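[1] Build me a structure from this.
(2 chains)
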Amino acid sequence: MAADTTVYKEIEGKGGDYFSLIGWLGVMILAALYAVYNMEHHGHVVTGMTNAVVWGTPHVLAIFLIVAASGALNVASISSVFGRTHYKPLSRISALTAVALLAGGLMVLVLDLGRPDRLIVAMTYYNFKSIFAWNIILYNGFFVIVLAYLWMMMERRMNPHSKKIGMMAFLWRLILTTGTGSIFGFLVARPGYDAAIMAPLFIAMSFAFGLAFFIIMISVSYKASDRPLGDFILFKMRNLLGVFIAAVLYFTAVQHLTNLYAAEHAGIEAFILWDGGIYTFLFWVVQIGLGSLIPLAILFNPASGRSCQGIMTAAGLVIIGGIAQLYVIIIGGQAFPLQLFPGMEVSSSFFDGAVHSYAPSHWEVMLGLGGIAAAILIIVIAVKYLPLLPTSLSDAKIDPHHKVK
Amino acid sequence: MTDKSMNSVDKARRNLLKGGAAAAVVTLAPGVTLQTVQAAVTGPATSAKRWGMLVDANAPEGVWDLAVEACKAEQGWGKTENVNQATDPQWIRKVSIKDPKTGAKATLPVMCQHCAKPPCVDVCPTGASMKRADGIVLVDKHICIGCRFCMMACPYSCRSFVHEDVRGQKPHMPRGKGTVEACTMCVHRVDKGQKPACVDAVNAAGSNAIIFGDLNDPNSDIARAVSKFVTQRIRSDLGVEPGIHYRGI
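    The predicted structure is shown next:
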């Protein structure tokens, strides 16, 4: 393998823009902590969650971040595992982004617990039959492996070993996202879940959401730090994002077509696809239209697909569509009533048989956004103090066969 | 609290969870004692027993109100400051069903079904959700972290999350904001050889709409009844083998 001649350098991070960004992110995190204080002091009664919709907006945003985390590692994996050397200069920041997104997601997940003070219990009492307990191990393992991977990429003496741990990180992230998808896939009683396809669907989602976040982050940071970002690497990521969006569409189509075929799932399918109100809207308009088809059109349009703004817009839409998709899966799956007595009309004081209403409270939104802010803050601070970003991603630097036209 | 007294509390709790509660009275200070648990007369929980109930859905609807009220009074739930049906716990509820094709109706109580293969226990990350050897499914509130995965997994919507401060707790049933709770089949009574409060309340009204007992004991009322009548269990297709049987649905 040719020696890596890429020069990595910390960003200056001295301007007013940099500090105002840090300030805003800090405010968002403080707002999240204030929300947590209220949720813990008064109880979850101040949220929009109920005994029927037990996982709300914090879970949507937390799982988005966790899924995107494993996807953000993909750029490094493509280089280390699949030998695409043009992605090599982005490997360090890819690994750091993965760790940051996971940290942000877990922050939200943990702070939304009924008893976040018992985190130590979650770390010391394990029920190994629980996919949740497995996920705790998978998340902790991800931190350890990806940080070791990052270190081996940054420490010249360890460079030769980075490929091996890169492979391990890749396999680990596939298992991790399988675990995240299986949180839903293993729920036997809920018609909206209970399907093995949740695991590959979540893996495809992670590829798309993680790369979308990564594209935006790279574009913004190179613009802000006045470093050259060539079309070559950008267009490579654009093509990859297109493939990942298509993969998510494919698994989504299989998920719903399979359900539509089974009469017992007619209810949940009609709810999501036809008459579920906000969930139907989010599915068709935001997830499929805004979050999948329009980005595909933008990315592969000869004009918009060749502009950084176009690609960033598409990536932003993928993120919005992704959050909508998780909202439909997580909240929509709970809003649809459990079928205690299939075929019967059911009613009770506990809202059996009725579509459960849910409206996120501002506390939940504050907590969720705080997790996103924490992830970004980790990245913003890390690139200032660690040599993570290459000084140049120009075409001449990335593509050995580049010719000036 | 001394080490010795702490140990006795721990031991008593452990015994309660195992189903063989020994009487434990802890002296906190001269004249001040903490009675931790009542003595179990039925011995340690054993898989030789399988506690269960048979509910007759043809019984007059009014008896279920008695069952719900008895549960509230016994376990101390249903006393939140501001009534909010969406977030208030309900350990047992009255469910009305109607066949849209025939118009046939029934009303029945639904509480934790005490499954032999409980999905809530499978998914609980810490093991707080657990099943005793005698089939009673419980939540250990000391290690429940409030993740609510069990509520996602329960096929019967039988668990509640404590959304706000609790009032009127009973000594035998500690409850806590931020943890999950459900019907305990009145384990504290069963371990003393008594019936669950809902069953007693229904019986006291002269009704036999709920029969409680050991399904493994062929001479028990419940075992005789389930061998005599065809009974159903809710969502038996899921294979979780609930301990609550129903007639007339």
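
[2] mind checking which helix or strand A:H41 is in?
    helix A:16-42 (DSSP states H and E).

[3] Is the helix or strand following that helix positioned near chain B?
    Per DSSP H and E, the first helix or strand lying C-terminal to helix A:16-42 is helix A:57-72. No - Helix A:57-72 does not reach chain B (C-beta under 8 Å from any C-beta of the partner chain); its nearest approach is 9.3 Å. Where C-beta positions appear, they are placed from N, C-alpha and C, glycine not excepted.

[4] Make sure A:F186 is actually in contact with B:M152.
    No - judged on C-beta atoms under 8 Å, A:F186 makes no contact with B:M152 at a distance of 9.8 Å.

[5] is any part of stretch B:149-159 close to chain A?
    Yes - on the criterion C-beta under 8 Å from any C-beta, stretch B:149-159 is in touch with chain A at B:F149, B:M151, B:M152, B:A153, B:C154, B:P155, B:Y156, B:S157, B:R159.

[6] Check what pLDDT the first one gets.
    When you say that, I think you mean B:F149. If you check B:F149, the pLDDT there is 98.

[7] Next up, phi/psi of it, please.
    With angles defined as degrees, to the nearest 10, B:F149 sits at phi -70, psi -30.

[8] and if you look at the fifth one?
    Note on B:C154: backbone dihedrals following degrees, to the nearest 10 are phi -60, psi 120.

[9] and the stretch 101-250 of chain A, which residues reach chain B?
    So the stretch 101-250 of chain A meets chain B at A:113-116, A:118-119, A:121-122, A:125-127, A:129-133, A:136, A:183, A:186-190 (C-beta under 8 Å from any C-beta).

[10] any idea of the mean pLDDT in the helix holding A:H41?
    Across helix A:16-42, the average pLDDT comes to 97.

[11] So which elements touch it?
    helix A:91-111, helix A:362-385 (3 or more C-beta pairs under 8 Å, 6 or more residues apart in numbering or on different chains; DSSP states H and E).

[12] One more pass at 6 Å, please.
    Under the contact criterion of 3 or more C-beta pairs under 6 Å, 6 or more residues apart in numbering or on different chains; DSSP states H and E, helix A:16-42 touches helix A:362-385.

[13] show me what contacts the residue in chain B positioned nearest to chain A?
    Nearest residue of chain B to chain A: B:G146, at 1.8 Å (C-beta to the nearest C-beta). Contact partners of B:G146, counting by C-beta atoms under 6 Å, 6 or more residues apart in numbering or on different chains, are A:L113, A:G114, A:R115, B:G178, B:T179.

[14] element containing it, please.
    Counting by DSSP H and E, B:G146 is part of no helix or strand.

[15] Tell me how many other residues crowd the closest residue to it other than its chain neighbours.
    Distance criterion C-beta to C-beta, 6 or more residues apart in numbering or on different chains; nearest residue to B:G146, sequence neighbours excluded, is A:G114 at 1.8 Å. By other C-beta atoms under 10 Å in any protein chain shown, 24 other residues sit near A:G114.

[16] Test my guess that A:G114 contacts B:G178.
    Yes - between A:G114 and B:G178 there is a contact at 3.2 Å, judged by C-beta atoms under 6 Å.

[17] how about the spatially most central residue of chain B, secondary structure?
    Closest residue to the average C-alpha location of chain B: B:T184 at 2.2 Å, with C-alpha atoms, centre = their mean. Following DSSP: H, G, I helix; E, B strand; the rest coil, the label given to B:T184 is coil.

[18] Do you know the pLDDT at it?
    We have a pLDDT of 98 for B:T184.

[19] Now the residue lying closest to it once chain neighbours are set aside: phi and psi?
    Take B:T184 and drop its neighbours on the chain: the residue closest to it by C-beta to C-beta, 6+ apart is B:L138, 5.7 Å away. Backbone dihedrals for B:L138, given as degrees, to the nearest 10, come out at phi -130, psi 170.
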